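In: Using only what follows, build the 3D model:
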Amino acid sequence: MTMSPPRPVGAERAAWIRQAFADRRLVRVAGAHDGLTARLAEQAGFDAVWASSFGISAAACLPDVSLLGLAEYLSASTAMHRAVEVPVLADCDTGFGGSINAAYTMMQFESAGIAAVCIEDKVFPKRNSFVGAGQQLLAAEEFAGKLQAAAEARSRRDTLLIGRTEALICGEDIDEALRRCHLYVEAGADAILIHSKASGPGEVIEFLRRWERRAPVVVVPTTYAAWDSADAAEAGVDMVIYANQALRALVSAVRSTWSAVLEHGSSGPIEQDIAPVRDIFAISQLDTWLGRER
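Out: All right, here's what the predicted structure looks like:
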């Protein structure tokens, strides 16, 4: 597998992901929570943006435990989609309800131009995968029904549906993760996301070995962060999502900046270390907008 091809421009975003999968080219995705962080990911060179439910919740200063609903996630994802030309993948948690809710979720996000919808197989209300207790899986057959409803609700053939299993997160073994993922592909998932909170990639590598490339595989290497993307691609990964690094970097940077301002009595000593206002003008395309006014 090689790195991804030139990024798409504009409308054909979902089709680009499908072609990258078909060409066995690794797709590198950055997590974001608003238009600004999405555009910074695009400018950095990432192939796509992950509209993270963790990030969107944190931006509202809320925990990632299903407190926000479809409207909030759709609004944030749409802002990201409008801010960039690369594909946006929406983290839609458990699909905001049952099968008909999953179908409605697909309709709404697809209508907004989102390239891919990802739904996970935990019970609502879900807890973030790295919360230590209270993780509970939905019955695999019931979740497959959700995926089938979402797949059938699509109006465009290129829009992707990603079935995410939290089996390993919830303490199940690789056999169960494989059983679930095979069922999810049969139900209409175009790709599967295998999630793990192990400190190394071993169990994901074992899953990939036994999966035998039946469908594209997505990973989120948060706890096994040192796994090189080239090694992941070699093992059979089709997409790698760096889901929360930008959010965590933002917290560290802002915390450090405000502490320094209070310590020094002014922002003078740190001005050389933070982005100048002209950078914000450039990122937000001020000149383009003022040109429209003229």
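In: Could you pull out the strands in this protein for me?
Out: Using DSSP state E, the strands of the chain run over residues 2-3, 25-32, 48-51, 88-91, 116-120, 160-165, 191-194, 217-219, 239-242.
In: Nearest approach to residue 15 belongs to which of those?
Out: Among those, strand 160-165 comes nearest to residue 15, with 9.7 Å by Cβ to Cβ. For glycine as for every other residue, the C-beta is placed from the backbone atoms N, C-alpha and C.
In: any chance of the strands of the chain in TSV, with mean pLDDT and distance to residue 63 too?
Out: Putting those into TSV (pLDDT from 0 to 100; distance: least, Cβ to Cβ, whole Å) gives the following:
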stretch	mean pLDDT	distance to residue 63
strand 2-3	55	35
strand 25-32	98	17
strand 48-51	98	18
strand 88-91	98	15
strand 116-120	98	16
strand 160-165	98	19
strand 191-194	98	21
strand 217-219	98	24
strand 239-242	98	20
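In: will you turn those strands into a markdown table that also has mean neighbour count and distance to residue 252?
Out: Listed next are the strands of the chain as a markdown table, based on neighbours: other Cβ atoms under 10 Å; distance: least, Cβ to Cβ, whole Å:
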| stretch | mean neighbour count | distance to residue 252 |
| --- | --- | --- |
| strand 2-3 | 12 | 28 |
| strand 25-32 | 24 | 15 |
| strand 48-51 | 29 | 20 |
| strand 88-91 | 28 | 22 |
| strand 116-120 | 26 | 27 |
| strand 160-165 | 26 | 28 |
| strand 191-194 | 24 | 27 |
| strand 217-219 | 23 | 24 |
| strand 239-242 | 23 | 16 |
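In: I'd like to know which of those is closest to residue 207.
Out: The closest of those to residue 207 is strand 191-194. By Cβ to Cβ, the value is 5.3 Å.
In: Touching that closest one from outside, list them.
Out: Strand 191-194 is contacted from outside by 21, 118, 120, 160-165, 168, 177, 181, 184-185, 204, 207-208, 215-220, 238-239, using Cβ atoms under 8 Å, 6 or more residues apart in numbering.
In: how about 7 Å then?
Out: Contacts with strand 191-194, where a contact means Cβ atoms under 7 Å, 6 or more residues apart in numbering, come from 118, 160, 162-165, 177, 181, 184-185, 204, 207, 215-219, 238.
In: mind checking which of the strands of the chain is nearest residue 272?
Out: strand 25-32 (26.4 Å).
In: export that closest one as PDB, just CAs?
Out: What follows is strand 25-32, C-alpha atoms only, in PDB (Å, rounded to 0.1, in the frame of the first residue of the first chain):
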ATOM      1  CA  ARG A  25      -3.700   3.900  -0.900                       C
ATOM      2  CA  LEU A  26      -3.600   4.800   2.700                       C
ATOM      3  CA  VAL A  27      -5.900   7.700   3.700                       C
ATOM      4  CA  ARG A  28      -4.700   9.900   6.500                       C
ATOM      5  CA  VAL A  29      -7.300  11.700   8.500                       C
ATOM      6  CA  ALA A  30      -7.100  14.400  11.100                       C
ATOM      7  CA  GLY A  31      -9.700  15.000  13.900                       C
ATOM      8  CA  ALA A  32     -11.300  18.400  14.100                       C
END
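In: Each with direction, which strands does that strand pair with?
Out: Sheet neighbours of strand 25-32, with direction, are listed as strand 2-3 (parallel), strand 48-51 (parallel), strand 239-242 (parallel) (DSSP bridges).
In: got these as CSV, with distance to residue 69 columns?
Out: Formatted as CSV, the strands paired with strand 25-32 follow (distance: least, Cβ to Cβ, whole Å):
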stretch, distance to residue 69
strand 2-3, 37
strand 48-51, 14
strand 239-242, 23
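In: and stretch 209-219, how far apart are its ends?
Out: Stretch 209-219 stretches 14 Å from its first residue to its last (Cα to Cα, to the nearest Å).
In: got the buried residues for it?
Out: 211, 215-219 (16 or more other Cβ atoms under 10 Å).
In: Contacts made by that stretch with the rest, please.
Out: With Cβ under 7 Å, 6+ apart as the test, stretch 209-219 has contacts from 21, 162, 174, 178, 185, 189-194, 204, 208, 232, 236-241.
In: chain center to that stretch: distance?
Out: With Cα atoms, centre = their mean, to the nearest Å as the basis, stretch 209-219 stands 18 Å off its chain's centre.
In: now do stretch 268-287
Out: 27 Å.
In: How about stretch 191-202?
Out: Stretch 191-202 has its C-alpha centroid displaced from the chain centroid by 14 Å (Cα atoms, centre = their mean).
In: Could you chop this structure up by domain?
Out: Domain assignment for the chain by automatic domain parsing gives 2-243, 252-293.
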